[in-house]
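**Student:** predicted model, plus sequence, below.
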Amino acid sequence: MKVAGITVEVERKEIKHTHLAVYPPDARVHVSAPKGLDERDIRSYVASKLGWIREQRRAILAQPRQGRREYVSGESIYAMGRRYRLAVAEIGASEGLERAGGLAARGKAQDNRGEGVGVCGTRLTLHVRGGATRERRERIVEAWQRGLLAECIAGKLRGWCETLGRELPVVEIRKMKTKWASCIRTKGKIAFNAALARVPPRCVEYVVVHELTHFEVANHSKAFVKLMDERLPRWRALRDELNGFVGMPIEEKP
């Protein structure tokens, strides 16, 4: 729907109260509404929040963003909050097999092509076969980033679950359009946005604590905020850092 010229995504859910959010990187406005709520009431609710919505959109859109990456030498790649300068190194067929064999001996090969990522300081070298497409280069880099994210999430979850005296949840990492993560309480599961691979570990920790707290409080009520204040006093600053992180790219439109 559109309200005062602003496109608003409406998602109807089994909830009691309406929730409004403005998401980076493109200042998308999203409303979660109870299934039985009339559309006129949703419009009225959004209209009452227009001042806040415009303020949030201005702040998000003012943040510098990276455009669509081509995964060519010279571009910046972010991983765990660090900025790397990309260098693409093409390898031949025989060299690829040799590299793959060496990596396999060390338990690091993902396939038999000898392709992969190497890091030295702030330089990230992407080894790919000659003629690799942009999509192929992207998949290799994202697989490396996702591995770092999985390791980070696992460590943060172990520490916090031990602190909170709860079992480790099932973890899923996938691409998400409107959320940094999602807690599925009935399945004891947390789905994390793969884009978190680009942000600093402290921001990942905020998301971990946020979602673990949702296992106890489903919404963002005063009870939820109280628990967050107790567990992670700097959570608001971390949330703002996460939402404004310069390394987040503009989402590509289909």
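**Tutor:** Arrived safely. Numbering: from 1, shown residues only.
**Student:** tell me the domain ranges of this structure?
**Tutor:** Split into domains by automatic domain parsing, the chain comes to 2-61, 76-143, 146-243.
**Student:** quick one: closest of these to Arg69.
**Tutor:** Closest of those to Arg69 is domain 76-143, at 7.3 Å (criterion: CB to CB). Backbone N, C-alpha and C define where each C-beta goes, glycine included.
**Student:** that closest one: end-to-end distance?
**Tutor:** With CA to CA, to the nearest Å applied, domain 76-143 spans 17 Å between its terminal residues.
**Student:** what's the first helix or strand after the helix or strand of the chain with the lowest mean pLDDT?
**Tutor:** Within the chain, no helix or strand scores below helix 93-105, which has a mean of 43 by mean pLDDT, DSSP states H and E. As assigned by DSSP states H and E, the chain's next helix or strand after helix 93-105 is strand 116-120.
**Student:** packing partners of the helix or strand where Ile53 lies?
**Tutor:** In this structure, Ile53 is located in helix 50-61 according to DSSP H and E. Secondary-structure packing of helix 50-61 (3 or more CB pairs under 8 Å, 6 or more residues apart in numbering; DSSP states H and E): strand 6-13, strand 19-23.
**Student:** neighbouring strands of the helix or strand just after the last one in the sheet, and parallel or not?
**Tutor:** This points to strand 19-23. Sequence-wise, the next helix or strand downstream of strand 19-23 (DSSP H and E) is strand 28-34. With DSSP bridges as the test, strand 28-34 is paired with strand 6-13 (parallel), strand 19-23 (antiparallel).
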